[in-house]
Structure formats: structure tokens, C-alpha cells
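Enquirer: Need a 3D model of the following:
(chains A and B)
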Protein chains: 2
Amino acid sequence: MTGVVRARRRRFTPEREAGVYGAVLDLLREVGYDALTMNAVAVQTRSSKATLYRRWGGKAELVAKAVRHYRPGPSLEDFDTGSLNGDLSALMLRTDDRAMEENAALMRGLATAVHANPDLREAFRDHVIEPEMAELHRILQRAIERGEVRADNPAIDLVMHVIIGGFVGRTFIDEQPPTRAFLLSYIDAVVLPALGVPTA
Amino acid sequence: MTGVVRARRRRFTPEREAGVYGAVLDLLREVGYDALTMNAVAVQTRSSKATLYRRWGGKAELVAKAVRHYRPGPSLEDFDTGSLNGDLSALMLRTDDRAMEENAALMRGLATAVHANPDLREAFRDHVIEPEMAELHRILQRAIERGEVRADNPAIDLVMHVIIGGFVGRTFIDEQPPTRAFLLSYIDAVVLPALGVPTA
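Expert: Below you'll find the model as predicted:
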């Protein structure tokens, strides 16, 4: 019997790992990094704290790994709607309103911690910021090739800043969740004009 | 002697209160709301925890009060540079780079907590968001009166979102502090074009 229990303990399937990472991301959204405890993760995933510590070492490592398993949404690599407006709209419509709010909550939950923790900052950069930046870069590159945006437009490198402002501002100023409808109107009202693209 | 000690304990001068609020704001910037402890405030201000609890009730009340004592910088009410570009630049140049970074750190430190705590959200809205919005509103109103910006431009209600994106994006994407130089270039590259104002 002891042998069986030990074997069970050792087993950590990819599915169970994914479940732990999902629970960690949920907790980050809900309470933020500092208030997240290994105990809460253990309760949420029906694991023992000892198991979590043995597998991941500690909270900082576990959170960084969980962030590395974050997926912002389906990739748009095969999308080309033929216009910048269409492509940016597709980027916003890719996730539903609930997922949009979840992404915003994750950003808030990590906001202070990424400054204090270099490992977490790296995980956040590689798995949250960079994939989004790469997608946006492809969209803007196509717009330049189409002649919609001038290659030397100084706003090109600042588009993601403006988009993030839509998410954060919607939450802090308007105290509303950043819905797809809001983000589409935001693209029309500020992102396209900043890039010198005429809107309807 | 006992009477003297009691009298001393009871005394909480406005200066000492301001010192406590300043320490709380510093701690919020450094560690964020969740990791902030009454113990740390007591150590920083050389007060006893009992004194802090007696005066403020608890952490949530103390932090909300501290946020109510936050001042973003000198008011611009008497400024009118004669152009939107000049006024927005004055708004950015009002605080030095260190204060700019401190404001950004305060935003990060409160990001998750304001969602969970209605009292704190109200304090944050009244004393951090609203004064900045009022200042910006005056600047935009002057620009409309001058004929620089059309009154029906849909970007008008989104300017603060875009500006916040400059702060947050600079920190998260570029991993740089939001300096005055960066924010001035950001106004030129995205804020003015979004409002339909030609730049140099």
C-alpha cells in the first residue's frame, strides 16, 4: 500500500499542472500577487501545501510558471481582413467580454509584483506582453505595406500604450469593464486617428 | 505623570497626521495595498500600532484617509498657454520625473485594492482621478473655445485614457519610468493627432 501511495504522490499529470496554473491565474485576478497564498492554491486545487512546495519550490516560482502558461486568446496569424480597422477590430473581437475582463484583472493583479520580482517580470514580459506585441506588430506591418500608415509615423511604436490605456482607463476612470463594444469605439475614436487613418 | 502621558497620547497634530499619511502613501508605492501592514506604518512613523488603530480604526480606513490627503501636484487653474499643445505640455511638466514615477507607483500599488474595497475606490476616485480629470477638462474646454478641437470629437472623453496608457505602457512595455520627455513625445505622437490637432 505504501508503494501505491508514493507512486500516486509522485504523479503530476500535465492536466493537473494546468489545473494548478489556472487556479493561480484566477487567484491573481481575484486578490493580486501579494494576497495570494500557497494555502489558497492548495485549497482550490485540492492539493497539499507540501506537494505544491515540493513541485514548485515557492510562491514566486509557482506564479512565474503559471504566468508562462497564460494564453491571451487564439492567435490571429492567419487573419488579414484587408484593412487596419478590420484587423484591429478582429484583435479586439478575438476574446469575449468575460475573457477581456479576466485579462485586465490579471494585469492589475500583477501590477505591483512585476516591479519587485525580476523572475515574474520576465515571465510576464515573455508570455503576456510579447505575444500581444508580436501580433500587433504584424497588423501594423501589413497596414504600412498597404499604404494605410506611413512607415515613419511616430505613433506606430505607441499603439500598444494607447490600447492599454483603453483597458486601464475604462476600469479606473469609467469604473466599467473594458467590453468589446467600448474597445471598438476606442479604436475608432483614438487609435486610428493617432495613426493618421481616416475613420468612417 | 500619568495625566501628562495621557495628554501626550491624545495629541495628534495635523503635522503628525500628515506624516502618517505620507508614510502610508510611500508604503503603497513600494509594496502595494495588500502587503502594507499597520506594523510597517508604525515602524516608519515611530508610532505604536495601538495608537494607529485607536486613531484610524484599521488599515482600510487609514489607507482611504491617506489617499484623501494625496496631492497630484500644483494646480494649473491659472495657466493658459494659448494652445492645447502648450497646456498639455504644462500639465506634464508640472511634476518632476521623480514625482511622476511616484504617482505611477501609487496607481500600481492601489490597482487591485480599489476593486475589492468600495471606500478606497471612492477615496481614489475623489482624490486621485477626479482632480486630474477636472484639470484636463478645463484644458480641453479652452481648446474647443479656441477652435483647436471640434466639440463633437469623440476622442475628447478618452484623452485621459490615452494619457494613462502613456504611463502604464511606458512602465509595462518599455520597462522605463514615465519621464516628462517621454510624455511630451507621447502627446505629440498620439494625443494631439487623436484630437485632430496638427503637430509641428
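Enquirer: The helix or strand containing A:K65: what's the following helix or strand?
Expert: Assigned by DSSP states H and E, A:K65 belongs to helix A:59-68. For helix A:59-68, the succeeding helix or strand toward the C-terminus, using DSSP H and E, is helix A:84-93.
Enquirer: That next one close to chain B?
Expert: No: shown here: helix A:84-93 not in contact with chain B (C-beta under 8 Å from any C-beta of the partner chain), separated by at least 14.2 Å. Every C-beta, even on glycine, is put in place using the N, C-alpha and C of the backbone.
Enquirer: How about residues contacting that helix?
Expert: A:76, A:79-81, A:135-136, A:139-140, A:142-143, A:146, A:148-149, A:180, A:183-184, A:187-188, A:191-192, A:195, A:197, A:199 (C-beta atoms under 8 Å, 6 or more residues apart in numbering or on different chains).
Enquirer: overlap between those residues and the residues near chain B?
Expert: Applying C-beta under 8 Å from any C-beta to the contacts of helix A:84-93, those adjacent to chain B are A:D188, A:V191, A:L195.
Enquirer: ok, and the closest non-adjacent residue to the first one?
Expert: Distances taken as C-beta to C-beta, 6 or more residues apart in numbering or on different chains place A:T199 nearest to A:D188, at 5.1 Å, with adjacent residues excluded.
Enquirer: ok, now the second one?
Expert: Setting aside the residues directly before and after it, A:V191 is nearest to A:V162 in space (C-beta to C-beta, 6+ apart), at 5.6 Å.
Enquirer: hang on, isn't the one you found packed against B:G165?
Expert: Yes: in this structure A:V162 lies within contact range of B:G165 using C-beta atoms under 8 Å: 5.0 Å.
Enquirer: wait, what's in contact with the closest residue to chain B within chain A?
Expert: Of all residues in chain A, A:G165 sits closest to chain B, at 2.0 Å by C-beta to the nearest C-beta. The contact partners of A:G165, by C-beta under 8 Å, 6+ apart, come to B:H161, B:V162, B:I163, B:I164, B:G165, B:G166, B:V168, B:G169.
Enquirer: can you do 10 Å?
Expert: A:158, A:173, A:186, A:190-191, B:158-169, B:190 (C-beta atoms under 10 Å, 6 or more residues apart in numbering or on different chains).
Enquirer: do A:M133 as well
Expert: Here A:M133 is in contact with A:R125, A:V159, A:M160, B:I173 (C-beta under 10 Å, 6+ apart).
Enquirer: Direction-wise, compare the one helix or strand it maps to with helix A:84-93 and give the angle.
Expert: Element membership for A:M133 (DSSP H and E) is helix A:130-146. Helix A:130-146 and helix A:84-93 are oriented at 160 degrees to each other (axes from the mean of the first three to the mean of the last three C-alpha atoms, to 10 degrees).
Enquirer: Any chance you could give me helix A:130-146 in PDB, C-alpha atoms only?
Expert: Taking C-alpha atoms only, helix A:130-146 is exported to PDB below (Å, rounded to 0.1, in the frame of the first residue of the first chain):
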ATOM      1  CA  GLU A 130       5.500  40.000 -26.100                       C
ATOM      2  CA  PRO A 131       2.900  37.700 -27.800                       C
ATOM      3  CA  GLU A 132       0.400  40.700 -27.900                       C
ATOM      4  CA  MET A 133       3.100  43.000 -29.200                       C
ATOM      5  CA  ALA A 134       4.100  40.500 -31.900                       C
ATOM      6  CA  GLU A 135       0.500  40.200 -33.100                       C
ATOM      7  CA  LEU A 136       0.100  44.000 -33.100                       C
ATOM      8  CA  HIS A 137       3.400  44.400 -35.000                       C
ATOM      9  CA  ARG A 138       2.200  42.100 -37.800                       C
ATOM     10  CA  ILE A 139      -1.100  44.000 -38.100                       C
ATOM     11  CA  LEU A 140       0.800  47.400 -38.300                       C
ATOM     12  CA  GLN A 141       3.300  46.000 -40.700                       C
ATOM     13  CA  ARG A 142       0.500  45.000 -43.100                       C
ATOM     14  CA  ALA A 143      -1.000  48.500 -42.700                       C
ATOM     15  CA  ILE A 144       2.300  50.000 -43.700                       C
ATOM     16  CA  GLU A 145       2.600  47.700 -46.700                       C
ATOM     17  CA  ARG A 146      -0.900  48.600 -47.800                       C
END
